[in-house]
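Peer 1: Need coordinates for the below:
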Amino acid sequence: MRADHPLLRCGATLLAYQPFRLMHGIAGGYVAYPIAERAEKRSVSPKVSELCAHYALPMAERRRIAMDRLTETLQFAGTEVPYYRDLFRRIGFDPVKVRNDPQRLESLPYLTKDIIREQGERLLSRPLAETRHHVCKTGGSTGLSCTIFYDQEAADYSSAVTYFARRRIGKPRHGFELHFACKFPGHTVSQWPSREDFKCFAMNRSNIFFDRIDDVGLEEMWQTIKRRRPYLVHAHPSTIYALACYVERRYGSGHAFEVFESSGELLEPRAREVIGRVLKCRVVDRYGLAELGVMAYELGGGGTGLQVMDSEGWAESRMTTDGVDGTHELVFTGFRNRLMPLIRYATGDMARVEVREDGVYLTDVVGRIHDVVPINGVDHPTHHIQDMLDHRVGGIQEFQIDLRTSPPTLRIVLEPSADPEDTLKKLRGFWGDAFTVAFVGHDDLIRVGRRAKFRHVVTG
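Peer 2: Next comes the predicted model:
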């Protein structure tokens, strides 16, 4: 039958009430999950236990382990991967010396998406036909897309990291998750049951697909969340921020889930505050990318800082060359993927790496490198424009700058109480005719990339 059959809807409604809800969660987390793990030939649970033990260690011990893994990754790549084998030989790089002096890593050039596309199979340690692998295509939000190949071990560790991190913030094994995803044209309703249905049952997960963020779409989202009442909601912050603004305007506030886990976009302070206050939930940030998986998480809970998953990779940051505000680009070397090791991969995201007594953290996370906007011939970082809009103009929920038009189009979502005429007057006072101003709703903001992410700056 179709997945939207009325009988299935009735069953879902019944499972939303106790004790059926608890029984469903226990059956999924403790019975179906081990069955699914064996059926899919995955090894995730042992790795979750391994991660729990690792992060119980003192920082000094974890740092030593990370340096050992960094050295081992470099040795492996220099022996098994054609691109790195030739590179190390050409520049005379000795991986063993990095163990005692991590700064020697800086003699290696950065890996970029352009290099990945150019080198292709020379970045693989063995032919794809010889090993079980997974294909992951980057979303294209920091440049042209490229294809990354994971071996099974790396894919299992990636799943284990997510599982472990959610356990750390208090999500019980029988707790439910709700994942938001964009509904694209041509989307069809699947048949039930399917492999995806069993996967969702085993993980106590359900999906919500949306294709509009106007009042009608946001009301549907809110009612769906209230009906399913998940423990954790996973979505782009711009989507849940739009929902929070709608709920505040329509209902004042509401509480339908415990934790919002932000992903895919920069979680800005204003959005964090509004989501937490209006939806009465804890807001937890994480940093992940298609190339490496989840590499930083607020393991201590919301607002404790993005802690680098030092078990999974080595983090660095480099000064950007665009001259904007002394920003730093985030660079990672992954430890797990032996099929396609990424060494000193320049992510295209801006952040600083800070070593503290309890771990390595990301700070000054401000977005993407190319979020730079020319205003009257002068380049300005996006966060500068946001500060002006928040603290000098006011009354603005969200903004987006479309550089594809001349002059650029500044799309603004106003607070319900804001006056468009007054806002326009202030904008003209600060920037003159540098922008064509358009007052829009959240649904009119442009989403970019394969995963339909929100970007403050649209370039193509």
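Peer 1: if I look at the nearest residue to residue 21 once chain neighbours are set aside, how far off is residue 28?
Peer 2: Using CB to CB, 6 or more residues apart in numbering and skipping the chain neighbours, the partner closest in space to residue 21 is residue 15 (5.9 Å). C-beta: built from backbone N, CA, C; applies to glycine. Distance from residue 15 to residue 28, counting by CB to CB, to the nearest Å: 10 Å.
Peer 1: okay, the strand or helix carrying residue 11 in PDB with CA atoms only?
Peer 2: Secondary-structure assignment from DSSP states H and E places residue 11 in helix 6-15. Output of helix 6-15 as PDB, limited to C-alpha atoms (Å, rounded to 0.1, in the frame of the first residue of the first chain):
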ATOM      1  CA  PRO A   6      -5.300   6.200   5.800                       C
ATOM      2  CA  LEU A   7      -4.700   2.900   7.700                       C
ATOM      3  CA  LEU A   8      -1.100   3.800   8.200                       C
ATOM      4  CA  ARG A   9      -2.000   7.300   9.300                       C
ATOM      5  CA  CYS A  10      -4.400   5.900  11.900                       C
ATOM      6  CA  GLY A  11      -1.600   3.600  13.200                       C
ATOM      7  CA  ALA A  12       0.800   6.500  13.400                       C
ATOM      8  CA  THR A  13      -1.800   8.400  15.500                       C
ATOM      9  CA  LEU A  14      -2.200   5.500  17.800                       C
ATOM     10  CA  LEU A  15       1.600   5.200  18.300                       C
END
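Peer 1: Show me how far that helix is from its chain's centre.
Peer 2: Distance of helix 6-15 from the chain centroid (CA atoms, centre = their mean, to the nearest Å) equals 32 Å.
Peer 1: What is that helix packed up against?
Peer 2: helix 20-26, helix 215-228 (3 or more CB pairs under 8 Å, 6 or more residues apart in numbering; DSSP states H and E).
Peer 1: what's the angle from that helix to helix 215-228?
Peer 2: Per axes from the mean of the first three to the mean of the last three CA atoms, to 10 degrees, the angle that helix 6-15 makes with helix 215-228 is 60 degrees.
Peer 1: Over helix 6-15, what's the mean pLDDT, rounded is fine.
Peer 2: Helix 6-15 shows a mean pLDDT of 73.
Peer 1: who touches that helix?
Peer 2: Contact partners of helix 6-15, identified using CB atoms under 8 Å, 6 or more residues apart in numbering, comprise 1, 20, 21, 24, 192, 227, 228.
Peer 1: Buried subset of these as a PyMOL selection?
Peer 2: A single PyMOL command is used to select the members of the contacts of helix 6-15 judged buried by 16 or more other CB atoms under 10 Å:
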select buried, resi 21+24+228
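Peer 1: domains for the protein, by residue range?
Peer 2: Split into domains by automatic domain parsing, the chain comes to 42-52+154-175+231-368, 372-458.
Peer 1: Residue 111: which of these is closest?
Peer 2: With CB to CB as the criterion, residue 111 lies closest to domain 42-52+154-175+231-368 of the domains of the chain, at 4.6 Å.
Peer 1: Show me how far that closest one is from its chain's centre.
Peer 2: Worked out by CA atoms, centre = their mean, domain 42-52+154-175+231-368 lies 6 Å from the chain centre.
Peer 1: looking only at pLDDT, what's the mean for it?
Peer 2: If you average the pLDDT over domain 42-52+154-175+231-368, you get 92.
Peer 1: and if you look at stretch 97-107?
Peer 2: 93.
Peer 1: contacting residues for residue 150?
Peer 2: For residue 150, the contacting residues are 133, 134, 135, 136, 158, 337, 339, 340, by CB under 8 Å, 6+ apart.
Peer 1: out of those, which are buried?
Peer 2: Among these, those classed as buried by 16+ other CB under 10 Å are 133, 136, 158, 337, 339, 340.
Peer 1: Need these in CSV (columns: distance to residue 265).
Peer 2: Compiled in CSV, those are given as follows (distance: CB to CB, whole Å):
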residue, distance to residue 265
133, 28
136, 18
158, 20
337, 24
339, 28
340, 25
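Peer 1: And the helices in the stretch 101-250 of the chain?
Peer 2: 113-119, 152-168, 195-203, 215-228, 237-251 (DSSP state H, counting those that start in this stretch).
Peer 1: which of the residues in the first one are buried?
Peer 2: Buried residues in helix 113-119, defined by neighbour count with 16+ other CB under 10 Å: 113, 115, 116, 119.
Peer 1: Stretch 417-427 too?
Peer 2: Neighbour-count burial for stretch 417-427 [16+ other CB under 10 Å]: 418, 423, 426, 427.
Peer 1: Quick one: mark the members of those that sit in helices.
Peer 2: 423, 426, 427 (DSSP state H).
Peer 1: Tell me how far residue 20 lies from residue 26.
Peer 2: Distance from residue 20 to residue 26, by CB to CB: 11 Å.
Peer 1: Around the spatially closest residue to residue 212 that is not a sequence neighbour, how many other residues sit close by?
Peer 2: Nearest residue to residue 212 in three dimensions, chain neighbours excluded: residue 443, at 5.4 Å (CB to CB, 6+ apart). Residues lying near residue 443 (other CB atoms under 10 Å) number 15.
Peer 1: In contact with residue 443: list those residues for me.
Peer 2: Neighbour list for residue 443: 212, 213, 214, 217 [criterion: CB under 8 Å, 6+ apart].
Peer 1: And the strands in the stretch 301-450 of the chain?
Peer 2: Assigned by DSSP state E, counting those that start in this stretch, the strands in the stretch 301-450 of the chain fall at 306-308, 313-319, 328-334, 345-355, 360-368, 372-375, 378-381, 396-402, 409-414, 436-439, 447-448.
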